[in-house]
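Enquirer: Pasting the sequence and the predicted model now:
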Amino acid sequence: MISIRNVSKNFGSLKVLEDISMEIGQGDIFGIIGQSGAGKSTLLRCINGLEGYDQGSIEVDGKEISSLSKKELRATQKEMGMIFQNFNLLDRLDVYDNIALPLQFWKQKKNSPENKARIGELLELVGLEDKVHSYPRQLSGGQKQRVAIARALVLDPKILLCDEATSALDPRITKDILSLLLKINRELKLTIVVVTHQMEVVKQICNQVAFIKDGRSMAVGKPEELFVAPNEEIQAFVGESIECLPKTGRNIKLFFNSTESEDGVITKMARELDTDFSICQGKLEDFRGNILGSLVINIEPKDEESVLAFLKAHHVLWEVL
């Protein structure tokens, strides 16, 4: 669906993106995560052609963005809905007219029978049937974002681009909006690209994620692979640290995925190896309903070889700290 290969972009002497590559498949909810200033939003704007890029290639549905004419680019952008952090609603228009704005931009009649039906369906999808004639000042932040989502969908796009769409919302409303995005992905079969600095967004809805730092892609993969067993760059980003571990013995960190039972493996290891160990630290993470986690244990040096052999035989990821 979206293929990004070796993309670089400069603003004058400032390098904003450097050799970025990733593949976003049809039907993915793909997260692009990193600190503010990492280049996430710039990359999103390159995908939909609002920004050019200096090197590399971005193909959307088989079309190279940089080689499109203005007319071709507009047609491609029509297939990419976009939502933003600050909603971008017009205060003088009610909910219906805010949703209908893209239709009018494309010179369609907002009150034609088919468009009235389309807007009605979208209002039902986002749960705002009773707000059709309300104005933005009468809506909560979460309701405003639902209007923005409906507006982004009114032209029946293939791709939905979300630029920090939940950053201005409180945690409860954020959870509701993420549930709505999951529903849209499932029911409309849309590919969704989510730019965010919020770990919870990636864990709750994304099936793939790219971690960007200083304009460079540091890691791409499944969220549970990147954040349950993180490298040093990702550890620094999420603020994860391992402190107060025993100074004696061997400290080993175990990683458990969705197909493994933490309790079962640990119990079985203690029983089969007839060895004692201490549990020093543990963490559980919820990735799209799958509970994954890590555990730090301390063992005697004499038991290290047998413990690591056991973990390898049972396909448990580990690292010696």
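Expert: Happy to help now that I have it. Treat the numbers as computed from the prediction; the structure is a model and nothing was measured. Numbering: from 1, shown residues only.
Enquirer: can you pull the contacts of Ala168?
Expert: Contacts for Ala168 (CB atoms under 8 Å, 6 or more residues apart in numbering) come out as 85-87, 141. The C-beta positions use only the backbone N, C-alpha and C, and glycine is treated the same way.
Enquirer: Give the PyMOL command for selecting the buried subset of those.
Expert: Written as a PyMOL command, the selection of buried residues from the contacts of Ala168, which uses 16 or more other CB atoms under 10 Å, is:
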select buried, resi 85+87
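Enquirer: Do a quick rundown of the helices in the stretch 1-150 of the chain.
Expert: Using DSSP state H, counting those that start in this stretch, the helices found in the stretch 1-150 of the chain span residues 40-47, 70-78, 95-105, 113-126, 141-153.
Enquirer: which strands and helices sit next to the last one?
Expert: When contacts are defined as 3 or more CB pairs under 8 Å, 6 or more residues apart in numbering; DSSP states H and E, helix 141-153 sits against strand 80-84, helix 95-105, helix 113-126, strand 159-163, helix 171-188.
Enquirer: distance between that helix and the chain's centre?
Expert: Chain-centre distance of helix 141-153: 18 Å, with CA atoms, centre = their mean, to the nearest Å.
Enquirer: Flag the shaky bits of the chain, pLDDT-wise.
Expert: Within the chain, the stretches with pLDDT under 70 are 229-230, 239-243, 257-263.
Enquirer: one step back: could I get the helices and strands packed on helix 141-153 as JSON lines with distance to Asn10 and mean neighbour count?
Expert: Listed next are these as JSON lines, based on distance: least, CB to CB, whole Å; neighbours: other CB atoms under 10 Å:
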{"stretch": "strand 80-84", "distance to Asn10": "24", "mean neighbour count": "23"}
{"stretch": "helix 95-105", "distance to Asn10": "31", "mean neighbour count": "20"}
{"stretch": "helix 113-126", "distance to Asn10": "39", "mean neighbour count": "16"}
{"stretch": "strand 159-163", "distance to Asn10": "21", "mean neighbour count": "23"}
{"stretch": "helix 171-188", "distance to Asn10": "32", "mean neighbour count": "16"}
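Enquirer: of all those, which lies closest to Lys302?
Expert: Judged by CB to CB, the one of those that comes nearest to Lys302 is helix 171-188, at 47.1 Å.
Enquirer: Tell me what angle the closest one forms with helix 141-153.
Expert: 20 degrees (axes from the mean of the first three to the mean of the last three CA atoms, to 10 degrees).
Enquirer: Now tell me what touches helix 171-188 from outside.
Expert: Helix 171-188 is contacted by residues 27, 29, 125-127, 140-142, 145-146, 149, 153, 160, 162, 165-166, 169, 190, 192, 194, 198, 200-201, 204-205 when judged by CB under 8 Å, 6+ apart.
Enquirer: For whichever helix or strand comes after it, which strands pair with it and how are they oriented?
Expert: Using DSSP states H and E, the helix or strand that follows helix 171-188 in sequence is strand 191-196. Next to strand 191-196 in the sheet, as set by DSSP bridges, lie strand 29-33 (parallel), strand 159-163 (parallel).
Enquirer: Any idea which of those gets closest to Lys213?
Expert: The minimum distance between Lys213 and the strands paired with strand 191-196 falls on strand 29-33, with 9.9 Å, by CB to CB.
Enquirer: I figured Lys131 was touching Ser140, is that so?
Expert: No: Lys131 is beyond contact range of Ser140, at 10.2 Å (criterion: CB atoms under 8 Å).
Enquirer: what comes up buried for stretch 5-15?
Expert: Residues of stretch 5-15 classed as buried: 7-9 (neighbour count, 16+ other CB under 10 Å).
Enquirer: all strands of the stretch 201-321 of the chain, in order?
Expert: 208-213, 216-221, 250-256, 278-287, 290-299, 317-320 (DSSP state E, counting those that start in this stretch).
Enquirer: Now distance to Ser36 and mean neighbour count too, for the ones you listed, in TSV please.
Expert: Shown next, in TSV, are those (distance: least, CB to CB, whole Å; neighbours: other CB under 10 Å):
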stretch	distance to Ser36	mean neighbour count
strand 208-213	11	23
strand 216-221	16	17
strand 250-256	29	20
strand 278-287	23	14
strand 290-299	27	18
strand 317-320	30	14
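Enquirer: Settle it for me: which of Lys131 and Ser140 has more neighbours?
Expert: Legend: neighbour count by other CB atoms under 10 Å for Lys131 and Ser140, higher for Lys131 (18 against 11).
Enquirer: Now for Gly289, how many residues are close by?
Expert: When neighbours are defined as other CB under 10 Å, Gly289 has 7 of them.
Enquirer: related to what we said a few turns ago, out of the buried residues of stretch 5-15, which comes closest to Leu68?
Expert: The closest of the buried residues of stretch 5-15 to Leu68 turns out to be Val7 (CB to CB; 15.6 Å).
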